[in-house]
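**Q** model this:
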Amino acid sequence: MPRPTNKPELLDAAEREFDRLWDAVNRVPENARARAGACESWSVKDLLAHLEAWHEMALEWECIGSTGAKPDIPGHGFTWAETPALNQMLYERAAEDDWNDVEQRLRASHARVLQVIESYDEDLFTKKRYPWTGSTSVGAYFVSATSSHYAWASKLIRKWAKSLQ
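**A** Residues are numbered from 1 along each chain as shown. You can find the predicted model right below:
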């Protein structure tokens with residue numbers, strides 16, 4: 001499926017891929033969802049916590065950016081080249097979290113991201129429209145934090161589920 005380029009496509013892709021994500025999760029036995037191996041040392045739970053953390057970062061970027069300030073992207077003290085270290089920090093922060101808490105946070109943050117996307121008009125995918133997005137668009141950040149990220153995690157989880165059979 002092509003990358004979304006407008007609000008209806010993004011909302012559709014985000015919902016569709018989120019549903020596909022949960023379909024993939026449901027293929028993994030409950031007793032294996034916290035076991036390492038879905039993505040190297042990460043479990044399915046860790047992948048979901050990762051998605052939730054990136055939701056929260058994208059929401060923070062948009063919130064700060066909407067005030068005219070420049071958010072720390074991708075995270076305070078990190079550059080895009082340091083994304084692996086940022087992801088490791090996010091992993092460590094949520095490693096001991098309970099499955100139900102992670103699931104609840106991911107579902108809630110997904111809903112908040114969709115609300116923010118809904119709040120935009122035609123400028124969602126206008127490049128350079130907002131100073132904080134640099135040469136890209138708000139929509140591009142939310143594609144990365146939703147549909148494309150969900151598809152990535154779903155693929156890993158489906159592969160993990162097959163390996164358990």
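
**Q** how many neighbours does residue 34 have?
**A** Neighbour count of residue 34, defined by other Cβ atoms under 10 Å: 17. For the C-beta atoms, the positions are set from N, CA and C on the backbone; glycine is no exception.

**Q** that one contacts residue 98, doesn't it?
**A** No - at 9.3 Å, residue 34 and residue 98 do not qualify as touching, with contact defined as Cβ atoms under 8 Å.

**Q** how about low-confidence regions in this protein?
**A** Counting by pLDDT under 70, the chain contains low-confidence ranges at 1.

**Q** ok, now with 50
**A** Filtered on pLDDT under 50, the chain yields no residues whatsoever.

**Q** and the strands in it?
**A** Assigned strands in the chain: none (criterion: DSSP state E).

**Q** and the helices in it, which stretches?
**A** 7-26, 44-66, 83-94, 99-118, 138-145, 147-163 (DSSP state H).

**Q** reformat those helices as TSV; add mean neighbour count and distance to residue 74.
**A** Formatted as TSV, the helices of the chain follow (neighbours: other Cβ atoms under 10 Å; distance: least, Cβ to Cβ, whole Å):
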stretch	mean neighbour count	distance to residue 74
helix 7-26	18	20
helix 44-66	21	7
helix 83-94	14	6
helix 99-118	16	16
helix 138-145	22	10
helix 147-163	19	13
